[in-house]
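S.K.: Need the 3D shape of this:
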Amino acid sequence: MTDYVPPKVWTWKTQNGGTFASINRPIAGATHDKELPVGRHPLQLYSLATPNGQKVTILLEELLALGHKGAEYDAWLIKIGDGDQFGSGFVGVNPNSKIPALLDRSGPKPIRVFESGAILQYLAEKFGAFLPTEPAARAECLSWLFWQMGSAPYLGGGFGHFYAYAPTKIEYAIDRFAMETKRQLDVLDKQLAEHEYIAGDEYTIADMAIWPWYGGLVKGRLYEAGEFLSVQDYKHVVRWANAIEARPAVQRGRRVNRVSGDPSEQLRERHDASDLD
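M.R.: Numbers count the residues shown, from 1 in each chain. Below you'll find the model as predicted:
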């Protein structure tokens, strides 16, 4: 790898390999016509139980646990390995072809929302929950929400890709992103040393955004990299991750659109609360 010299003009090599080579491409837009299914609830979620997908189903289950009946939803499975995200219907909801994507059909005109952080903020504002209204607390919560949106690509697309998914192990790349991942864990650990939750002493969408990624990492669910990254050293993150996982709504939310792991934790699609029972 040390003798590689970038060409003057980059060209796409379909043979680059890697776990996701079959669905990666340098252009946007639909590859085939496929309409999205629509269920009976106003909120239609199209997703997969990746960390980004879990954020939204956790929030929806938390809203239902608070008694917000309007948060009932249909969760449709998008199989990204099969390229479902490139169907014309999905691209119409999210032109970026990434899960999750939400269609709110409760008003006179459907509203599309894409990007997981935007969906969290939209739903929190819609139902008036899990997002503080006091200006300083709201700013703190949104700052951590957007911290996650900006930081997680280093954990997922950076460290996770080169440590777990790349066709070859590249020491420089793994070291670079392992260093950044550990720095981010240290940021969280110092914050949680002084506060019960990420944005203070109140459970918010910031916790729901960060937990599937960094909570999953310290709980040993991401990339089997816990020992490699010495995650036990971040004791405040571990304490917080355990507390979030103990919440019944979190346990329910992380099962929705899940297609791997323990079969008892999988629910490919969700159309009624009883589906989880």
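S.K.: Find the nearest non-adjacent residue to residue 137, please.
M.R.: Nearest residue to residue 137 in three dimensions, chain neighbours excluded: residue 200, at 6.4 Å (C-beta to C-beta, 6 or more residues apart in numbering). The way it works is simple: take the backbone N, C-alpha and C, and place the C-beta from them, glycine included.
S.K.: can I see the domain layout of the chain?
M.R.: 1-130+263-276, 135-246 (the TED database).
S.K.: Tell me the helix or strand right after the longest helix seen in the chain.
M.R.: Criterion DSSP state H: the longest helix present in the chain is helix 171-192. Scanning forward in sequence from helix 171-192 by DSSP states H and E, the next helix or strand is helix 205-210.
S.K.: What residue, apart from its backbone neighbours, is nearest the residue nearest the centre of the chain spatially?
M.R.: Central residue of the chain (C-alpha atoms, centre = their mean): residue 52, 1.0 Å from the mean position. Spatial nearest neighbour of residue 52, chain neighbours left out: residue 116 (4.5 Å); criterion: C-beta to C-beta, 6+ apart.
S.K.: any idea how far residue 172 is from the one you found?
M.R.: 30 Å (C-beta to C-beta, to the nearest Å).
S.K.: if we can go back for a sec, mean neighbour count, the domains of the chain: which tops it?
M.R.: domain 135-246 (a mean of 18; mean count of other C-beta atoms under 10 Å).
S.K.: Wait, the residue nearest to the centre of the chain touches residue 212, no?
M.R.: Yes. Contact criterion C-beta atoms under 8 Å: residue 52 and residue 212 qualify, at 7.4 Å.
S.K.: Which secondary structure state does residue 118 sit in?
M.R.: helix (DSSP: H, G, I helix; E, B strand; the rest coil).
S.K.: tell me the contacts of residue 210?
M.R.: Residues in contact with residue 210 (C-beta atoms under 8 Å, 6 or more residues apart in numbering) are 144, 147-148, 188, 198.
S.K.: State the phi and psi torsions of the residue lying closest to residue 12 once chain neighbours are set aside.
M.R.: Distances taken as C-beta to C-beta, 6+ apart put residue 26 closest to residue 12, at 5.2 Å, once the chain neighbours are dropped. Note on residue 26: its backbone torsions stand at phi -90, psi 10 [degrees, to the nearest 10].
S.K.: What ranges does this protein have for its helices?
M.R.: 51-65, 88-93, 116-127, 135-153, 171-192, 205-210, 216-218, 226-229, 235-245, 248-253.
S.K.: before we move on, the earlier item: let me know the distance separating the residue nearest to the centre of the chain from residue 228.
M.R.: 23 Å.
S.K.: Over to residue 205?
M.R.: As judged by C-beta to C-beta, residue 205 and residue 228 stand 30 Å apart.
S.K.: same check, this time on residue 176
M.R.: From residue 176 over to residue 228 (counting by C-beta to C-beta), the distance is 14 Å.
S.K.: just residue 11 next, same as before
M.R.: 34 Å.
S.K.: and what of residue 261?
M.R.: 20 Å.
S.K.: cool, and residue 102?
M.R.: The gap separating residue 102 from residue 228 is 35 Å, by C-beta to C-beta.
S.K.: before we move on, what about residue 123?
M.R.: 35 Å.
S.K.: and what of residue 253?
M.R.: As judged by C-beta to C-beta, residue 253 and residue 228 stand 28 Å apart.
S.K.: again with residue 135
M.R.: Distance from residue 135 to residue 228, by C-beta to C-beta: 41 Å.
S.K.: same question, residue 97
M.R.: 31 Å.
S.K.: do the same with residue 162
M.R.: From residue 162 to residue 228 the distance is 12 Å (C-beta to C-beta).
S.K.: okay, and for the protein, where does confidence drop off?
M.R.: Across the chain, the ranges flagged by pLDDT under 70 are 1-2, 14-17.
S.K.: how about a cut-off of 80?
M.R.: The model of the chain has pLDDT under 80 over residues 1-2, 13-22.
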